[in-house]
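S.K.: Quick one, fold the following:
(chains A and B)
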Amino acid sequence: MLLVGLGGLGCPAALALARAGVGTLRMVDDDVVDEGNLHRQILYGPEDVGKDKLDAAGQALGPVARASGTRVEFVRARFLPDNARELARGVDLVIEGADNFATKFLAADACHLEHRPVVHGAGLRWVGTAWSVAAGGRPCYRCLFEDVPSGPQLSCDGAGVMGPVVGIVGALMAELALRALSGRGARPELWTLDGKTDTLREVPVAARASCPLCGTAPSILDVDEARYLSERGALAESASS
Amino acid sequence: MAVTVRIPTPLRTLTKGEEQVSAEGTTVRAVIEHLEQKHPGMRDRLLDDKGIRRFVNVYLGDEDVRFLEGLDTALKAGDELSIIPAIAGG
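M.R.: Below is the predicted model of the structure:
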């Protein structure tokens, strides 16, 4: 499987999946560890600040991956339109824990076009969400959220992220991934976690006939870079910080 | 007629941190207008000139109001609306 982003969501998901013995865990990221990551990105310690996240994660995951027989692979790159479909095509499932909307929509599109299941996750302040979409499945991410938001959006740096919230959501993403790989499929439900009220809720999601990705007359037939640029500079920013 | 509206984290700056608020109205549109009066700025965060913003979802119980009557979805006393925006972060 492919893990997009080794941030607050990707770290716990990677740890759970490496221990589970998922065959090959391929991780894509090109960021370095920052001191501001340490409260939630549980694969890294203070000694890793300034190192490539892939190197630090590989060191942390090595013993458990070896014990479970999981092969850990690294892709030092950003998940971008020019490599997204190829990366998705090369695996059985994609887990997306990106911190920007553009990468989320790109992952949704690439996975749908390549007929690969995808698990989406997000966390901000006290709230997290997780959602599993079957291969070529409906409803998809665009059925619910339609398109990349315009205008300024809250970000991890500006709004903050509670470590335990992304810890729970990252573990849930791993569970959803294992469920999909085991053939139990994806349910059309968005998981939402409110860390302030300790409420984990399943919200049903319905497919939209007019969805441009999975609807009856889809208009998204490729990953055109221009489609992901309405969020200013989104694809140029880190995918996992 | 009062309904309960669950406010997501990104919008709680408008409700002084309140996680849920009470609002009056017999339709989703009326409730949003009442929310705007009580918490200025809410309307713009939820609606654009085409209706509910494309990256925001409003649920009546477990039903997305887009699949009901949209902004004209009828409400009754005690109903619960949830606002679920797209979030990115990790």
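
S.K.: where does the chain dip in pLDDT?
M.R.: No chain was given, so I picked chain A. The model of chain A has pLDDT under 70 over residues A:151-159, A:230-241.

S.K.: Switch to chain B, please.
M.R.: In chain B (pLDDT under 70), no residue qualifies.

S.K.: at 90 what do you get?
M.R.: Applying pLDDT under 90 to chain B flags the ranges B:1, B:8-13, B:17, B:19, B:48-50, B:53-55, B:62-63, B:66-67, B:85-90.

S.K.: Helices of that one, residue ranges please.
M.R.: B:28-38, B:42-46 (DSSP state H).

S.K.: Phi and psi next, for the most centrally placed residue in chain A.
M.R.: Centroid-nearest residue in chain A: A:Glu96, 1.5 Å away (criterion: C-alpha atoms, centre = their mean). Main-chain dihedrals, A:Glu96, degrees, to the nearest 10: phi -120, psi 110.

S.K.: same question, the one 10 residues further on
M.R.: The main-chain torsion angles of A:Leu106 are listed as degrees, to the nearest 10 and equal phi -60, psi -40.

S.K.: got it, and B:Arg12?
M.R.: With angles defined as degrees, to the nearest 10, B:Arg12 sits at phi -70, psi -10.

S.K.: Report all helices and strands that the longest helix seen in chain A contacts.
M.R.: The helix spanning the most residues in chain A, taking DSSP H as the definition, is helix A:163-181. Packed against helix A:163-181 by the contact rule (3 or more C-beta pairs under 8 Å, 6 or more residues apart in numbering or on different chains; DSSP states H and E) you find helix A:10-20, strand A:94-96, strand A:118-124, strand A:127-133, strand A:189-194. Backbone N, C-alpha and C define where each C-beta goes, glycine included.

S.K.: Strand A:189-194 and that one, what's the angle between them?
M.R.: Here helix A:163-181 points in a direction 160 degrees away from that of strand A:189-194 (axes from the mean of the first three to the mean of the last three C-alpha atoms, to 10 degrees).

S.K.: got a markdown table for the helices and strands packed on helix A:163-181, with distance to chain B too?
M.R.: Shown next, in a markdown table, are the helices and strands packed on helix A:163-181 (distance: least, C-beta to the nearest C-beta, whole Å):
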| stretch | distance to chain B |
| --- | --- |
| helix A:10-20 | 7 |
| strand A:94-96 | 10 |
| strand A:118-124 | 4 |
| strand A:127-133 | 4 |
| strand A:189-194 | 7 |
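
S.K.: Is it possible to get TSV of these that adds distance to A:Arg227?
M.R.: Below are the helices and strands packed on helix A:163-181 laid out as TSV (distance: least, C-beta to C-beta, whole Å):
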stretch	distance to A:Arg227
helix A:10-20	24
strand A:94-96	16
strand A:118-124	17
strand A:127-133	18
strand A:189-194	23
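
S.K.: tally of neighbours for A:Asp92?
M.R.: 15 (other C-beta atoms under 10 Å in any protein chain shown).

S.K.: Could you look up the SS state of it?
M.R.: What DSSP: H, G, I helix; E, B strand; the rest coil gives for A:Asp92 is coil.

S.K.: Now do the contacts for it.
M.R.: Remark: with contacts taken as C-beta atoms under 8 Å, 6 or more residues apart in numbering or on different chains, A:Asp92 is in contact with A:Met1, A:Arg116, A:Pro117, A:Leu181.

S.K.: The first one contacts A:Val94, correct?
M.R.: Yes: taking contact to mean C-beta atoms under 8 Å, the distance of 6.9 Å between A:Met1 and A:Val94 places them in contact.

S.K.: Pick out whichever of these two has more residues nearby.
M.R.: A:Val94 (28 against 23).

S.K.: For A:Glu35, which non-adjacent residue is spatially closest?
M.R.: Spatially, and ignoring its direct neighbours in sequence, A:Glu35 is nearest to A:Val49 (5.3 Å; C-beta to C-beta, 6 or more residues apart in numbering or on different chains).

S.K.: Phi, psi for the closest residue to A:Val165 other than its chain neighbours please.
M.R.: Closest residue to A:Val165 apart from its sequence neighbours, by C-beta to C-beta, 6+ apart: A:Gly195 at 4.3 Å. With angles defined as degrees, to the nearest 10, A:Gly195 sits at phi -70, psi -20.
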